[in-house]
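In: from the sequence below, what's the structure:
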Amino acid sequence: MLASIFSETRPINYVLLGVTLVLFYGLYASADLSWLNTPIAIGQKAGLLLLLCASVLLVGFVTLRNSLSKANSYAVILFILFLVLFPTTLANGKIIVANFFLLLALRRLISLQSLVSPKEKIFDATFWILAASVFHFWCIIYLVMVFVSIVFHVARDYRNWIIPFIALLAVTIIYIMVGLMIGQDLFDHLLDDMVPGFDFTYFENIYQNIALSLFAPIVALFLLPYISSISSKPLNLQASHKKVLYAFLIGVGIYILSNNKNNSLLMFTFAPLAIMGANFMEAQKSDWTREAIVCSIAVVAFFIFFAQL
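Out: Numbers count the residues shown, from 1 in each chain. From the prediction side, this is the model:
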């Protein structure tokens with residue numbers, strides 16, 4: 001039933017998914033109501049919810065606008081189910097903001113294939129990636145995507161190779177100015193985040209461990225067929241699908257390198273994996289297979305979510 005409902009891109013689908021996201025966000029936030037004591041905390045919770053909704057819309061927009069899947073809502077529903085599977089993500093403000101900026105960057109990098117305003121897109125993508133790295137330093141390795149995209153599309157113009165460094169200068173100046181305005185040395189914050197961490201024994205309860213264990217086969221189910229299918233995609237779309245693959249691998253890299261690990265760091269893999277999942281769903285000829293996959297992920301995600309409330 002779920003797969004058939006979201007096999008098309010109707011406005012009602014986004015309404016249903018939006019209500020679902022708000023519901024689960026509200027349920028998780030209600031586990032600790034201390035944030036209701038201050039207007040600032042209430043504003044922060046509302047702002048994070050808006051960013052999550054905007055992230056969902058961005059995933060759908062990037063997927064459909066760049067023909068990364070057919071006209072369906074599979075990528076969007078999978079993205080939301082991944083959020084539910086790892087509910088700590090819903091409370092991690094820095095990760096939500098950083099991931100939103102990376103989605104903005106991915107949007108610009110994938111659209112680079114049109115060769116319309118490439119310099120502006122390179123600058124914008126670099127700017128958003130560097131902005132994301134302010135909130136979570138290891139997002140900076142996403143810059144690899146910028147240079148990969150330049151190689152794919154606009155490598156012959158030497159000016160395109162210089163633009164990322166101009167964006168770096170712009171972000172650095174803004175960062176220093178903000179630090180001076182608030183009277184803090186923000187570089188200390190970055191230096192702390194630069195230290196990589198490889199401690200994977202961070203689980204606060206058994207359900208977080210189970211969630212990660214169940215996420216691994218989902219990744220394998222979507223990733224392996226996607227890799228093998230890229231060469232069969234239309235020639236003009238292969239570069240875009242390779243970028244989705246690289247975005248996922250970089251997301252895994254961010255998770256591995258990050259200090260103070262927790263499951264919310266996996267959010268950087270959700271969007272590209274959701275796009276891969278949408279492609280996998282489309283490749284299934286049987287309606288029952290699609291239903292079984294979506295419903296299984298939904299049941300697992302709901303169980304893990306409610307077990308942690």
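In: low-scoring stretches of the stretch 1-150 of the chain, by residue?
Out: The model of the stretch 1-150 of the chain has pLDDT under 70 over residues 1.
In: strands of this structure, residue ranges please.
Out: With DSSP state E applied, the chain shows no strands anywhere along its length.
In: all helices of it, in order?
Out: 2-5, 11-29, 39-65, 74-85, 93-110, 118-135, 143-153, 159-182, 186-194, 206-229, 235-257, 267-283, 287-307 (DSSP state H).
In: mind giving me the packing neighbours of the last one?
Out: Think helix 287-307. helix 2-5, helix 11-29, helix 74-85, helix 206-229, helix 267-283 (3 or more CB pairs under 8 Å, 6 or more residues apart in numbering; DSSP states H and E). Where C-beta positions appear, they are placed from N, C-alpha and C, glycine not excepted.
In: now with 7 Å?
Out: helix 2-5, helix 74-85, helix 206-229 (3 or more CB pairs under 7 Å, 6 or more residues apart in numbering; DSSP states H and E).
In: only the C-alpha atoms, please, for that helix, written as PDB.
Out: Only the C-alpha atoms of helix 287-307 are listed here, as PDB (Å, rounded to 0.1, in the frame of the first residue of the first chain):
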ATOM      1  CA  ASP A 287       4.400  -4.500  -6.900                       C
ATOM      2  CA  TRP A 288       4.500  -6.900  -4.000                       C
ATOM      3  CA  THR A 289       8.300  -6.600  -3.800                       C
ATOM      4  CA  ARG A 290       8.100  -2.800  -3.700                       C
ATOM      5  CA  GLU A 291       5.500  -3.000  -1.000                       C
ATOM      6  CA  ALA A 292       7.500  -5.500   1.100                       C
ATOM      7  CA  ILE A 293      10.600  -3.300   0.900                       C
ATOM      8  CA  VAL A 294       8.900   0.000   1.900                       C
ATOM      9  CA  CYS A 295       6.700  -1.600   4.600                       C
ATOM     10  CA  SER A 296       9.600  -3.600   6.100                       C
ATOM     11  CA  ILE A 297      11.700  -0.400   6.400                       C
ATOM     12  CA  ALA A 298       8.800   1.500   7.800                       C
ATOM     13  CA  VAL A 299       8.000  -1.200  10.500                       C
ATOM     14  CA  VAL A 300      11.600  -1.400  11.500                       C
ATOM     15  CA  ALA A 301      12.000   2.300  11.700                       C
ATOM     16  CA  PHE A 302       8.700   2.800  13.700                       C
ATOM     17  CA  PHE A 303       9.700   0.000  16.200                       C
ATOM     18  CA  ILE A 304      13.200   1.400  16.800                       C
ATOM     19  CA  PHE A 305      11.700   4.900  17.200                       C
ATOM     20  CA  PHE A 306       9.100   4.100  19.800                       C
ATOM     21  CA  ALA A 307      11.500   1.800  21.600                       C
END
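In: hang on, the earlier thing: Serialize the helices and strands packed on helix 287-307 to TSV and add fields for mean neighbour count and distance to Phe100.
Out: Listed next are the helices and strands packed on helix 287-307 as TSV, based on neighbours: other CB atoms under 10 Å; distance: least, CB to CB, whole Å:
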stretch	mean neighbour count	distance to Phe100
helix 2-5	15	26
helix 74-85	26	12
helix 206-229	15	21
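In: who wins for proximity to Ile275 among these?
Out: Of all these, helix 74-85 sits nearest to Ile275, with 5.1 Å by CB to CB.
In: for that closest one, what is the distance to the chain centroid?
Out: Relative to the mean C-alpha coordinate of its chain, helix 74-85 is positioned 11 Å out (CA atoms, centre = their mean, to the nearest Å).
In: now swap in stretch 266-284 and tell me
Out: The answer for stretch 266-284 is 11 Å, by CA atoms, centre = their mean.
In: mind listing what's buried in it?
Out: 266-281 (16 or more other CB atoms under 10 Å).
In: and what of stretch 141-157?
Out: Those would be 142-143, 145-146, 148-150, 152-154, for stretch 141-157 by 16+ other CB under 10 Å.
In: please identify which of these is nearest to Ser231.
Out: Phe152 (15.3 Å).
In: was I right to think the closest one contacts Gln238?
Out: No: Phe152 is beyond contact range of Gln238, at 9.4 Å (criterion: CB atoms under 7 Å).
In: returning to what we had before: quick one: which of the buried residues of stretch 266-284 is nearest to Tyr226?
Out: After measuring the buried residues of stretch 266-284 against Tyr226 - CB to CB - the closest member comes out as Met276, at 4.2 Å.
In: ok, back up a step: take the helices of the chain and lay them out in TSV including distance to Phe200.
Out: Supplementary listing: the helices of the chain in TSV, determined by distance: least, CB to CB, whole Å:
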stretch	distance to Phe200
helix 2-5	32
helix 11-29	24
helix 39-65	26
helix 74-85	18
helix 93-110	17
helix 118-135	22
helix 143-153	23
helix 159-182	31
helix 186-194	18
helix 206-229	9
helix 235-257	9
helix 267-283	15
helix 287-307	18
